[in-house]
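Engineer: Need the 3D shape of this:
(2 chains)
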There are 2 protein chains.
Amino acid sequence: MSSTVRIALDVMGGDHGPDVVLPGAEIALTRHPDISFLLFGDEGRIRELLARLPRLAAASRVIPTHVVVRMDDKPSQALRQGRKVSSMWRAIDAVRVGEADCAVSAGNTGALMAMAKVNLKTMAGISRPAIACLWPTAKGESVVLDVGASIGATAQHLVDMAVMGAAMARIVFDIERPTVGLLNIGVEEIKGVEEVKDAAAALREADHAGLAYHGFVEGDDIGKGTVDVVVTEGFSGNIALKTAEGTAKQVADYLRAAINRSLMAKIGYLLARGAFNALREKLDPRKSNGGVFLGLNGVVIKSHGGTDAEGFASAVDIGYDMVRYQLLSRIEAGMNDRPRVGVAGGEAPLQDDMQVSS
Amino acid sequence: MSSTVRIALDVMGGDHGPDVVLPGAEIALTRHPDISFLLFGDEGRIRELLARLPRLAAASRVIPTHVVVRMDDKPSQALRQGRKVSSMWRAIDAVRVGEADCAVSAGNTGALMAMAKVNLKTMAGISRPAIACLWPTAKGESVVLDVGASIGATAQHLVDMAVMGAAMARIVFDIERPTVGLLNIGVEEIKGVEEVKDAAAALREADHAGLAYHGFVEGDDIGKGTVDVVVTEGFSGNIALKTAEGTAKQVADYLRAAINRSLMAKIGYLLARGAFNALREKLDPRKSNGGVFLGLNGVVIKSHGGTDAEGFASAVDIGYDMVRYQLLSRIEAGMNDRPRVGVAGGEAPLQDDMQVSS
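Structural biologist: Now for the predicted structure:
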């Protein structure tokens, strides 16, 4: 890492491309003047916008690209058409060749993950990457992973995610031993969660220096902030994330409709406006925008595709922190003595790359 | 079914037992005077409470039992100690022998499901039961299943749940062809959701008379009310349900805290109180209390263990509707021409009882 944090941006990614990415980068730059940017995308459009963003212009280098990965491209399609030539691939590639410390894209998740895996490869000892997000909770925020990189997980995958998520939580929350919970359902003795139970046994037994294993948590524990890190496989993690987003929106909509139904309520709303603004601020999805790809040989951040400049700036902020506070070497350190499933517990060790057959 | 709807109550179930169950039954009775109750539990306690509930007393028969399934009993433990003798088992057994049309319990879910499966058995053609709940949405309510009966699901399981959930939705929403969506995650081409894809193909191909297949839905579609019935396997269904409950509570807590922070906001709150009450009413978990066990030879309703009398009454109401509008024969009719996975699509048919190996 150089003295500046060098961030490669897929300028063409997301629903709004350069119109959001560049103003977003400008905002992040005001917060972190030690960022330098590599801007991959349509040179004409970029130069046009940079003319109005002199601070960003001074901190950036533009690398023209001519292929854009679309939001609805399938990963295989994106790889076929965009490999080596798209703004998304090139931003990731800058990380691989050491010209950037981190890549940020608001492009489509599947394509970004596919390109990141193919180009950066997974870290030694880690069989596959995960996507971690910051989840607003009653106590602040928690790290939740995997929110959609892979479906299904062996016990060892879950354990590895616990180690990686804890490494990220150490940076974000600045605590030495973040608490970790495994997401489970509160029905005893039903079959099919052997992986979760085996992972729990390994984590409890190992008493890893990098994390404090809490035990099982249920869906409602995520929002309570019961633990710093919630670990689950990608299908239920993604369902949980989307369901929570939907519910928060639903409650806000109910409230708005209820207030609009009477004049008295509207007056009350005006008086309580400060409280409502605080609520809006608290629930602002832009503030926790930025999925962190964990387990790759490089830092890649996924921003929401539909976000605005403020939201994109948050994703850049997260990338900045992950680089500045050395996510990769923290994960490496954590993996050196990662808990092994089936070793402590006396069972046959699972292969790292063992796939869930369902 | 007799002219009255005969409901068997596990009076000892739930966190509060008779103190909630009996007043709850009384409330349901005022709404449905054509219910007759069988009350299974501690005779002394029941008679004591009935002395103050004369209407319920007149519509009930008490059957003394001496064993209580505890809220933290494991299913196997509950079966060992409570089979044939517990209030829970006896209430279910009343359905089996035809003395009741439906059983309602606020006891622990795992034990109730285990006893219901062992005693009532699954319906012909259905390999395993599911738990369906009513989920409040922006448009009203939706049926969501499975919220925790089984983990993992084959494509045929998902299809069968679609048929059963649609049968329930026809009753609850009074519409002929409820729309059905399969819960999925919006990441293309990642492995592991073959079951969901195969189920989708079978449902689309079959064009079943009892349901209108909508397609995939994501987590945030549940709260939007995109479809009448959301189908998923029990692990993610349970995670989604608990996560939504947690998020709704979290938002309400934020709002309360924000309002209490300033005098002006408190005054505003007083003026807008009507709106807040409407919101509270809308989010009241008691109103959608009652998990319906689908796929058994009998109707069994699970109430939340910690609910109050009003909430328990909702669970009784749901049981009443399921009996009055003939859930079982509707499911049977739907299963007669259920879509078969792999038949329409030209693949080898799956066995009904095929287990997901993960």
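Engineer: Okay, strands next: where are they in chain A?
Structural biologist: For chain A, strands defined by DSSP state E occupy the ranges A:5-10, A:35-41, A:60-64, A:102-105, A:130-136, A:141-145, A:179-183, A:212-217, A:229-231, A:291-294, A:299-302.
Engineer: shouldn't A:Gly237 be in contact with A:Ser150?
Structural biologist: No: contact criterion C-beta atoms under 8 Å: A:Gly237 and A:Ser150 do not qualify, at 9.8 Å. Bear in mind the C-beta positions are built from the backbone N, C-alpha and C, glycine included.
Engineer: In space, not sequence, find me the middle residue of chain A.
Structural biologist: Taking C-alpha atoms, centre = their mean, the centroid of chain A lies closest to A:Gly291, which sits 1.6 Å from it.
Engineer: Next, the contact list for the nearest residue to that one once chain neighbours are set aside, please.
Structural biologist: Closest residue in space to A:Gly291, ignoring its immediate chain neighbours: A:Lys302 at 4.0 Å, by C-beta to C-beta, 6 or more residues apart in numbering or on different chains. Taking C-beta atoms under 8 Å, 6 or more residues apart in numbering or on different chains, we find A:Lys302 in contact with A:Ser105, A:Ala106, A:Thr109, A:Leu112, A:Met113, A:Ile131, A:Gly290, A:Gly291, A:Val292, A:Phe293, A:Ala315.
Engineer: For A:Lys302, list each beta-bridge partner.
Structural biologist: Per DSSP bridges, the residues bridged to A:Lys302 are A:Ser105, A:Gly291.
Engineer: Of all the residues in the longest helix along chain A, which ones are buried?
Structural biologist: Counting by DSSP state H, the longest helix found in chain A is helix A:234-260. For helix A:234-260, burial by neighbour count (16 or more other C-beta atoms under 10 Å in any protein chain shown) applies to A:234-252, A:254-255, A:258-259.
Engineer: just stretch A:76-85 next, same as before
Structural biologist: A:Gln77, A:Ala78, A:Leu79, A:Gln81, A:Gly82, A:Arg83.
Engineer: Okay, now the unreliable bits of the stretch 1-150 of chain A?
Structural biologist: A:1-2 (pLDDT under 70).
Engineer: how about the residues of it near chain B?
Structural biologist: Within the stretch 1-150 of chain A, the positions adjacent to chain B are A:Lys74, A:Pro75, A:Ser76, A:Thr109, A:Gly110, A:Met113, A:Thr137, A:Ala138, A:Gly148, A:Ala149, A:Ser150 by C-beta under 8 Å from any C-beta of the partner chain.
Engineer: and the residues you listed, which two are the farthest apart?
Structural biologist: Based on C-beta to C-beta, the longest span within those runs between A:Ser76 and A:Ala138 and measures 41.0 Å.
Engineer: What count of nearby residues applies to the closest residue to A:Leu53 other than its chain neighbours?
Structural biologist: Nearest residue to A:Leu53 in three dimensions, chain neighbours excluded: A:Glu26, at 4.9 Å (C-beta to C-beta, 6+ apart). Close neighbours of A:Glu26, defined as other C-beta atoms under 10 Å in any protein chain shown, add up to 24.
Engineer: Contact partners for A:Trp135?
Structural biologist: Applying C-beta under 8 Å, 6+ apart, the residues contacting A:Trp135 are A:Glu141, A:Ser142, A:Val143, A:Val144, A:Ile222, A:Gly223, A:Val230, A:Leu241, A:Ala244, A:Ser288.
Engineer: May I ask which of the residues you listed has the most neighbours?
Structural biologist: Neighbour-wise, the contacts of A:Trp135 (other C-beta under 10 Å) top out at A:Val230, 30 neighbours.
Engineer: Not counting sequence-adjacent ones, nearest residue to that residue?
Structural biologist: A:Val144 (4.6 Å).
Engineer: show me what contacts the one you found?
Structural biologist: A:Ala132, A:Cys133, A:Leu134, A:Trp135, A:Gly165, A:Ile222, A:Val229, A:Val230, A:Thr232, A:Gly237, A:Ala240, A:Leu241.
Engineer: and which of these is nearest chain B?
Structural biologist: Using C-beta to the nearest C-beta, the shortest approach to chain B within these belongs to A:Ala240, at 4.5 Å.
Engineer: what's the closest non-adjacent residue to that closest one?
Structural biologist: B:Thr243 (4.5 Å).
Engineer: For the one you found, give me its contacts.
Structural biologist: A:Gly219, A:Asp220, A:Ile222, A:Gly223, A:Ala240, A:Thr243, A:Ala244, A:Thr247.
Engineer: Spit out the contact partners of the first one.
Structural biologist: Spelled out, that is A:Gly219. Counted by C-beta under 8 Å, 6+ apart, A:Gly219 has contacts A:Leu183, A:Ile185, A:Ala240, B:Asn238, B:Ile239, B:Ala240, B:Leu241, B:Lys242, B:Thr243, B:Ala244, B:Glu245, B:Gly246.
Engineer: The residue nearest to A:Gly291 and B:Ala94: what is the separation?
Structural biologist: 55 Å (C-beta to C-beta, to the nearest Å).
Engineer: and if you look at A:Ile185?
Structural biologist: Counting by C-beta to C-beta - A:Ile185 and B:Ala94 are separated by 29 Å.
Engineer: Ok, A:Asp19 next?
Structural biologist: 66 Å.
Engineer: of these two, who's got more company?
Structural biologist: Neighbour count, other C-beta under 10 Å: between A:Asp19 and B:Ala94, B:Ala94 has more, with 22 against 15.
Engineer: I'd say the more buried one and B:Leu9 touch.
Structural biologist: No: between B:Ala94 and B:Leu9 there is no contact under C-beta under 8 Å: 9.5 Å.
Engineer: joint contacts of these two?
Structural biologist: B:Leu38, B:Phe40, B:Ala103.
Engineer: got a list of what the last one touches?
Structural biologist: By that I understand B:Ala103. The contact partners of B:Ala103, by C-beta under 8 Å, 6+ apart, come to B:7-10, B:91-92, B:94-95, B:116, B:298-301, B:319.
Engineer: Repeat that for the first one.
Structural biologist: With contact taken as C-beta under 8 Å, 6+ apart, B:Leu38 is in contact with B:Arg6, B:Ile7, B:Ala8, B:Leu9, B:Ser60, B:Arg61, B:Ile63, B:Ala91, B:Ala94, B:Glu99, B:Ala100.
Engineer: The fifth one: neighbouring residues, count only.
Structural biologist: Pointing back at B:Ser60 there. Using other C-beta under 10 Å as the criterion, B:Ser60 is surrounded by 23 other residues.
Engineer: repeat for A:Asp317
Structural biologist: 21.
Engineer: sorry, back to before: now do the longest helix of chain A: distance to the chain's middle.
Structural biologist: 19 Å (C-alpha atoms, centre = their mean, to the nearest Å).
Engineer: Just the helices from chain A, written as ranges.
Structural biologist: Under DSSP H, chain A gives helices at A:18-31, A:43-50, A:54-58, A:75-82, A:87-96, A:109-120, A:155-173, A:194-206, A:219-224, A:234-260, A:263-271, A:273-283, A:309-324, A:327-336.
Engineer: of these, which approaches B:Asp15 most closely?
Structural biologist: When the helices of chain A are compared (using C-beta to C-beta), the closest one is helix A:219-224, at 16.6 Å.
Engineer: So for that closest one, mean pLDDT?
Structural biologist: Helix A:219-224 comes out with an average pLDDT of 94.
Engineer: State the distance from the closest residue to A:Gly219 other than its chain neighbours to B:Leu296.
Structural biologist: Distances taken as C-beta to C-beta, 6+ apart put B:Lys242 closest to A:Gly219, at 2.7 Å, once the chain neighbours are dropped. B:Lys242 sits 24 Å away from B:Leu296, going by C-beta to C-beta.
Engineer: Also A:Arg338?
Structural biologist: On the measure of C-beta to C-beta, A:Arg338 and B:Leu296 end up 44 Å apart.
Engineer: neighbour-wise, which of these two wins?
Structural biologist: B:Leu296 (24 against 21).
Engineer: which residue sits closest to that one, ignoring its sequence neighbours?
Structural biologist: B:Leu120 (4.4 Å).
Engineer: for that neighbour, what are its contacts?
Structural biologist: B:Leu120 neighbours (C-beta under 8 Å, 6+ apart): B:Ile92, B:Val95, B:Arg96, B:Leu296, B:Asn297, B:Gly298, B:Val300.
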